[in-house]
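Undergrad: Model the structure of this input:
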Amino acid sequence: MTTNSPAKPETTVGTRLRNFLIVIVAIALSVALFLGLRAEKTSVSLASLEETSTPLEVATTNGKPSLVEFYANWCTVCQKMAPDIAELEQQYADKVNFVMLNVDNTKWLPEMLKYRVDGIPHFVFLDQEGETVAQAIGDQPHTIMGSNLEALVTGSSLPYAQASGKVSQFSAPVSPTSSQDDPRSHGSQVVN
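TA: Prediction:
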């Protein structure tokens, strides 16, 4: 005949210890997640860079060289580079204008066409007179951007001019001319 004996004290202690460890791990993971999300919110955003940027009209006339960045909020490469640009801006704030132009704003269409922006981020380096010195397109390492800015400040030729890295494709909107079909037709145009 088999009788049910009461639970052994070791099993109860083991279960309680296991449950205690699960609670401790859950708390630790919750704290890590909270701190991780909090740190993400305090990182540099493109919007904050744009808010603190020098207006283009000021940058081309104040006698300082300028770095003009064409960007978009949806551009993952632009987002990735934002902390580096913010750090460089702090380092060179008194020597270089930092200008942010959002390609989704049609106000900047003349500049997009002037500098032939077809991928972002697109960087234009302007001298003290507002003349183009060089351009770089795509993901640029911090050291390369720093070297280019240092050369821009000293009036030297940029060591990494015309550099091209990972880029987000972008087509600037072009206003239709009289020789084109109605843009609302979405049909292809046949040229004879």
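Undergrad: any chance you could map the helices in this structure?
TA: All helices of the chain, identified by DSSP state H, fall at 9-41, 46-52, 56-59, 76-92, 109-114, 142-154.
Undergrad: and of these, who's closest to V99?
TA: helix 56-59 (4.9 Å; Cβ to Cβ). Heads up, the C-betas are built off the backbone N, CA and C, glycines and all.
Undergrad: So which bits of the closest one are buried?
TA: For helix 56-59, the neighbour count (16 or more other Cβ atoms under 10 Å) marks 56, 59 as buried.
Undergrad: quick revisit: put together TSV for the helices of the chain, with mean pLDDT and distance to V99 on each row.
TA: Formatted as TSV, the helices of the chain follow (pLDDT from 0 to 100; distance: least, Cβ to Cβ, whole Å):
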stretch	mean pLDDT	distance to V99
helix 9-41	76	26
helix 46-52	90	9
helix 56-59	94	5
helix 76-92	94	11
helix 109-114	95	10
helix 142-154	94	13
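Undergrad: and of the ones you listed, who's closest to V103?
TA: Nearest of the helices of the chain to V103, taken as Cβ to Cβ: helix 109-114 at 6.1 Å.
Undergrad: Not counting sequence-adjacent ones, nearest residue to S147?
TA: What sits nearest to S147 in space, not counting adjacent residues and going by Cβ to Cβ, 6 or more residues apart in numbering, is P159, at 5.2 Å.
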